[in-house]
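Trainee: what's the 3D shape of this:
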Amino acid sequence: MKKLFFFILFTGFLFSAKSQSVAQIKKILDTTSNPVGYVKYVLKKKFYLDSIIVYSTAQFLGKADSLAYHGKTGKVYGPFKKDNILVKILMKAPNTFYHINHILIDTAVFDKNFAEFLADTIMSKIRSGTTTFAAQAGIYSADYASAAKGGDMGWFIKGVMLPQLDKEMVKHKKGEMFKVWSGSGLHIVSIVDNPKEDTGYALLLRVIL
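Mentor: Modelled structure (predicted):
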């Protein structure tokens, strides 16, 4: 019964489905109210439904999460270079994102007592205005990727950072600076912004051409 319903729904496409160009397929996928039915019963192509998590807006893991964040709901993208695939963003949902700066003092280089002293000295200088967080990150942070950006970690969701950082950052407000120990060393953390809601999840339809 279901197959008959879709047959009737897409009867206008049946005669030309095999000869449709990629541009024509994209146009139909962009406008149809039932993209899954169109792909399954008219195009008869393989497809996948993928739930995507956007972990960070500063650095994407690949095409999927970048497209999930930047793409428009209902829009079809592709085919991508070397990938004979079309992707339609079916829906998006929000998640809570955090924004911090940090300096990692490597205890493989400094012992714990000196790391504490160094962290207190750095924080004191920053608070007094004699230096900036970015300048100190460039000098002392063992996290070279963020140090090159002045310690900026960008926007990310809870669960991406080390558990110790995740636990402490939610206790503090914008402008606050504090220390956190982890297995990687001693972190000086500054809360850059208050948490915000942004695109955190997306449901994608991938069509194999």
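Trainee: tell me the mean pLDDT over the strand ranked longest in the chain?
Mentor: Under DSSP state E, the strand in the chain containing the largest number of residues is strand 185-208. For strand 185-208, the mean per-residue pLDDT is 97.
Trainee: Who are the packing partners of that strand?
Mentor: strand 47-53, helix 63-70, strand 85-105, helix 112-128, strand 152-157, helix 163-169, strand 177-182 (3 or more Cβ pairs under 8 Å, 6 or more residues apart in numbering; DSSP states H and E). To be clear about C-beta, it is placed using only N, CA and C from the backbone, and glycine gets the same treatment.
Trainee: buried residues in the longest one?
Mentor: By neighbour count on 16 or more other Cβ atoms under 10 Å, the buried set for strand 85-105 is 85-89, 92, 97-105.
Trainee: Wait, Lys72 touches Met91, no?
Mentor: No: counting by Cβ atoms under 8 Å, Lys72 does not reach Met91; the two are 11.6 Å apart.
Trainee: now the angle between strand 177-182 and the longest strand of the chain, please.
Mentor: 80 degrees (axes from the mean of the first three to the mean of the last three Cα atoms, to 10 degrees).
Trainee: Strand 185-208 pairs with which strands, and in what direction?
Mentor: Paired strands of strand 185-208, with direction, are strand 47-53 (antiparallel), strand 85-105 (antiparallel), strand 177-182 (antiparallel) (DSSP bridges).
Trainee: Please export the C-alpha coordinates of the first one as CSV.
Mentor: Meaning strand 47-53. The C-alpha coordinates for strand 47-53 follow below in CSV (Å, rounded to 0.1, in the frame of the first residue of the first chain):
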residue,chain,number,x,y,z
PHE,A,47,20.8,6.6,0.4
TYR,A,48,21.7,7.1,4.0
LEU,A,49,20.2,9.2,6.8
ASP,A,50,23.0,10.5,9.1
SER,A,51,22.7,12.3,12.4
ILE,A,52,25.6,14.7,12.7
ILE,A,53,27.0,16.4,15.8
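Trainee: gap between that strand and the chain center?
Mentor: In terms of Cα atoms, centre = their mean, to the nearest Å, the centre of strand 47-53 is found 15 Å from the chain centre.
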